[in-house]
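Asks: no sequence for this one, just the structure:
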DNA sequence: CTAGGGTAGGAAAGAGTTTTCCCATGGGCC
DNA sequence: GGCCCATGGGAAAACTCTTTCCTACCCTAG
């Protein structure tokens, strides 16, 4: 009470019982304790202000209540939406969420995974597509195997192909659906802000969009595909590059919403109106960005729910021996940022 | 190597030294170890893939590498921006960040603080104004004292008056400065989305705005002050209520940016143009919302930096015996959402 | 009335580190 | 040459729990 901590031993002594009995009362083991002693122990614990030492419990039980969450950048609303879902699920179960920010660096990712392993974390949720680089994927897979060998569980969001359960959007279908809707609006020439070349998610969305165009007998000019960073500023900069050389496109598809936001800002700075001069579409339907004007035509993903489901995969039920994949369909949401072309 | 873990004892045995020596090499204590043994131990550790058990270390050292971060809602960009700053600082120091989401519930807050105490967390950063409710503040203060008595450190963002270091924006001055700029634009009648009545931050911003109006000899009509939730939807709903009864104001001040976003959405839905029909101003300058159109006139706060400084207060240097307060000045940013009134 | 089985309680052995304390060795100094 | 001190190494205690194993007791059945 005075300074420092109250230990279970003190509680036991105060209650006049053994350490074992006190432990059984406090954590409720399989063993029964008589009501009389039970009352005495709980009364003593309350009186002394006992709070179990989580490290000691982790050590003794060899299993902790920590759950890791790895994101690239927590200030990106895409990640914070998913994080909210993961948080909800872990908090419901009385678990502790450890937030790791990788800044898109595989080394940092490995470092954080090792730390979680050191803490005997119960599970970890990896969010965000990683690169298609073979070497770093191999190392990540190895890190995941180590984690699982120690009894930890792993789930991913948007990252198939790893030895772990996954919740992933159907990027290909979503982008195809979007493309067909834009074609139905009358668009024939498209430009694409395709994100980084080595990012799986970006690539799938590009492919899906592309294949729908092909299906409609439309071609995608090479100079109308611009690669750049998967961020708001990447979208801005890619758009400036695109417009600097000029484009015949009537509709611009950015492979995610934050890039689309950057694109709209760039177009505004160039004095172009959306959708009058150029339509713009995104992907994700990030809640925070729904108040943009003109409102963004995009593919809605249930981000928070995806986080929750990933957490559930990593925490609930029995661990699967085969990686499970939960695919989430996106739904096209048509808003004001796209309109039939005027030329 | 096989399954489970490698312990320090195995490393020691493999290297042919005692457990004590191995421990000294791995963590680098004050004691010297000869280069010869040092090399043997590090080689063995690497070969066996040794990873220290963090719980055992925490137990033995009675101090962990966990740092708590408490926010109301991580998907709110205000909090995620601050979280990014805190993350940066903790990650630099090799510490582990635990994210707690309180959903604005004092009970949840207490529960999470207790959990952090159980884990012997090194420090905790509390973000976000709490209510002016005496009772819950008293209990929070008590919780903080418990935490500090156990050697933990505490820092707050936007919450003065607790027994802990604080980084806080100068809400009063910021709001006053904003009011004066709006008056200079020609506005004379203002409406205010004042947020919850019991939220300290909201109240300070209201007061600051109000006092600048008084200073300019302007009154603030009672029916032009609307209270509501401190969120985007709160702003939307407050605006609908305000406009339902009608207002003579030419400028609407929302006490934070997310509320201002809701306000702009509501006005758009009502067919009103910003700023032509009504100017709108906010507070915070949240990065994610900078791409709104019309761009929001607001008071810029260096959110990420505030998070970083709070983390620094909680982690660097010596703990202060007196609570330290770092005040951050906000800077008015005039953008397109406000313009001289047309009537 | 005794043997057997079930149950509540406690002693003690872990769990994997750090750290204290003790010992041995070697060097410097008189 | 003997003494003292500094230094590096190791044994063992400490940290706070959980859990196994043992004992004592009571109840029931034969």
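Replies: Nice, thanks for sending it over. Only a predicted model underlies this, so the values are computations on that prediction, with no experimental measurement involved. Residues are numbered from 1 along each chain as shown, chains lettered A, B, ... in the order given.
Asks: Could you use CA atoms for every contact and neighbour count after this?
Replies: Fine.
Asks: Before we move on, what's the pLDDT of whatever residue of the stretch 151-300 of chain A ends up closest to DNA strand D?
Replies: Distance from DNA strand D to each residue of the stretch 151-300 of chain A (C-alpha to the nearest atom of the strand) is smallest for residue A:151, at 14.7 Å. The model reports residue A:151 with a pLDDT of 87.
Asks: Can you verify it is assigned to a helix?
Replies: No - counting by DSSP: H, G, I helix; E, B strand; the rest coil, residue A:151 is not part of a helix but coil.
Asks: how close does the residue at minimal distance from the centre of chain A sit to chain B?
Replies: Taking C-alpha atoms, centre = their mean as the criterion, residue A:127 is the residue nearest the geometric centre of chain A, at 3.4 Å. The gap separating residue A:127 from chain B is 15 Å, by C-alpha to the nearest C-alpha, to the nearest Å.
Asks: Likewise for residue A:26?
Replies: 14 Å.
Asks: ok, that residue - contacts?
Replies: By C-alpha atoms under 8 Å, 6 or more residues apart in numbering or on different chains, the contact set of residue A:26 is A:41-42.
Asks: What are the buried residues along whichever strand or helix holds it?
Replies: Per DSSP states H and E, residue A:26 falls inside helix A:19-27. Going by neighbour count (16 or more other C-alpha atoms under 10 Å in any protein chain shown), the buried part of helix A:19-27 is A:19, A:21-26.
Asks: pLDDT on that helix, on average?
Replies: Computed over helix A:19-27, the average pLDDT equals 92.
Asks: Next one: residue A:328, what pLDDT does it get?
Replies: pLDDT at residue A:328 comes out at 96.
Asks: In this structure it contacts residue A:174, no?
Replies: No - taking contacts as C-alpha atoms under 8 Å, residue A:328 lies outside contact range of residue A:174: 9.7 Å.
Asks: Those two - which one has more neighbours?
Replies: residue A:174 (25 against 18; other C-alpha atoms under 10 Å in any protein chain shown).
Asks: what about the more buried one, distance to residue B:153?
Replies: Using C-alpha to C-alpha, to the nearest Å, we find residue A:174 at a distance of 48 Å from residue B:153.
Asks: Return the residues in contact with the residue nearest to the centre of chain A.
Replies: Residue A:127 neighbours (C-alpha under 8 Å, 6+ apart): A:69-72, A:79, A:156-159.
Asks: before we move on, back to that, DNA strand D: which of the buried residues of helix A:19-27 is nearest?
Replies: residue A:23 (3.8 Å).
Asks: Leaving out chain neighbours, which residue sits closest to that closest one?
Replies: residue A:8 (7.2 Å; C-alpha to C-alpha, 6 or more residues apart in numbering or on different chains).
Asks: now do residue A:56
Replies: residue B:59 is the one closest to residue A:56 (C-alpha to C-alpha, 6+ apart), at 6.1 Å.
Asks: Next, see if the host helix or strand of that neighbour gets close to DNA strand C.
Replies: When elements are assigned from DSSP H and E, residue B:59 belongs to helix B:54-61. Yes - for helix B:54-61, a contact with DNA strand C is found by C-alpha under 7 Å from any atom of the strand, at B:56-57, B:59-61.
Asks: Show me the contact partners of that helix.
Replies: So helix B:54-61 is contacted by A:55-56, A:58-59, A:118-120, B:64-65, B:120 (C-alpha under 8 Å, 6+ apart).
Asks: what angle do it and helix A:54-61 make?
Replies: 120 degrees (axes from the mean of the first three to the mean of the last three C-alpha atoms, to 10 degrees).
Asks: Can you tell me the strand partners of the helix or strand that comes right after helix B:54-61 and which way each runs?
Replies: Using DSSP H and E, the helix or strand that follows helix B:54-61 towards the C-terminus is strand B:66-71. With DSSP bridges as the test, strand B:66-71 is paired with strand B:96-101 (parallel), strand B:123-127 (parallel).
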